[in-house]
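Visitor: coords below, sequence missing:
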């Protein structure tokens, strides 16, 4: 007998709890059939809150989360699973962490920012009162059009964008060995700085982009000044090399001499012709011109001794 009474209490408790809430106001006379259901090409979302404004805010967040979740489940190939093992004494604890960077990237696409309650196909709400606690709450429901075509199109756009980012990332890596000018290094570093912002902090491509930037900065260290001809009468010809490859640079070098005057530079075909006057130089002295370039975060220099 006690068991029967217990089962009756368990079964009736939810009904009694529900009966404490009484609908005192609603948006339409009849509760729509779609509330609490499911329908193809539509998202049915429900929430409750103390005020109708709070309910609207909560349901908009929930709606966007459902849209993101729907798209994310279609992008299985880019979801990664990591298995970690933590050993404490003789016990091993295995946990699986599913990467969430896809969802965070989807949350920032233009389509999500354009989602609003004003675009909902239907809505319905009820205001309820609890006699025991003397409190109110709102139950809010929306029916939002979100077709299979839209899902497929958004998945396509997402994949196209990600593939485009991957292609650009690979191209930056390939171009590292094909640099032909100092300006190309400068420009690429600026591009990589903006490009890195396209990746979330947990996206491995962000660290790859950062490493690429470091590799491009290191190129400055490998640039040297070479003298192309012996110092002739009042002129020297020099060039810049990246490792063993001639490169161009629009920047003119800074020149300083312990004796030469009227220093000037002209550039032609990636060669720098330095002209000067040696009238103030003496044969018994070490006469020289210091040549200096500021390239990126590096200063490269070379001292060339003059033959009189």
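Guide: Great, that's in hand. This structure is a prediction, so every number in the text was calculated from the model and none was measured. Residues are numbered from 1 along each chain as shown.
Visitor: so where is the stretch 1-150 of the chain shaky, pLDDT-wise?
Guide: 1-19, 76-101 (pLDDT under 70).
Visitor: Now that residue 229 has come up, it's in contact with residue 239, right?
Guide: No: if you go by C-beta atoms under 8 Å, residue 229 and residue 239 don't touch, sitting 10.2 Å apart. (Glycine included, C-beta is placed from N, CA and C.)
Visitor: who touches stretch 122-138?
Guide: Here stretch 122-138 makes contact (C-beta atoms under 8 Å, 6 or more residues apart in numbering) with 20-28, 31-32, 34-35, 48-52, 54-55, 117, 139-143.
Visitor: and the end-to-end length of it?
Guide: 17 Å (C-alpha to C-alpha, to the nearest Å).
Visitor: related to what we said a few turns ago, please identify which of residue 229 and residue 239 sits among more neighbours.
Guide: Comparing residue 229 with residue 239 by other C-beta atoms under 10 Å, the one with more neighbours is residue 239, at 18 against 11.
Visitor: buried ones in the helix or strand hosting that one?
Guide: Following DSSP states H and E, the helix or strand that holds residue 239 is strand 235-242. Residues of strand 235-242 classed as buried by neighbour count (16 or more other C-beta atoms under 10 Å): 236-240, 242.
Visitor: One more: stretch 201-221?
Guide: 203, 205-206, 208-209, 212-213, 216, 219-220.
Visitor: again with stretch 278-297
Guide: 278, 281, 287-289, 291, 293, 295-296.
Visitor: List the ones among those residues that fall in helices.
Guide: Using DSSP state H, no member of the buried residues of stretch 278-297 sits in helices.
Visitor: which SS state does residue 212 fall under?
Guide: For residue 212, the assignment made with DSSP: H, G, I helix; E, B strand; the rest coil gives helix.
Visitor: separation between it and residue 295?
Guide: 18 Å (C-beta to C-beta, to the nearest Å).
Visitor: one step back: could you dump the buried residues of stretch 278-297 to JSON lines with distance to residue 173 and pLDDT?
Guide: Shown next, in JSON lines, are the buried residues of stretch 278-297 (distance: C-beta to C-beta, whole Å; pLDDT from 0 to 100):
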{"residue": "278", "distance to residue 173": "48", "pLDDT": "92"}
{"residue": "281", "distance to residue 173": "49", "pLDDT": "91"}
{"residue": "287", "distance to residue 173": "46", "pLDDT": "93"}
{"residue": "288", "distance to residue 173": "41", "pLDDT": "94"}
{"residue": "289", "distance to residue 173": "39", "pLDDT": "95"}
{"residue": "291", "distance to residue 173": "33", "pLDDT": "97"}
{"residue": "293", "distance to residue 173": "26", "pLDDT": "97"}
{"residue": "295", "distance to residue 173": "21", "pLDDT": "95"}
{"residue": "296", "distance to residue 173": "19", "pLDDT": "91"}
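Visitor: Between the residues you listed, which sits nearest residue 63?
Guide: Closest approach between the buried residues of stretch 278-297 and residue 63, by C-beta to C-beta: residue 296, at 48.0 Å.
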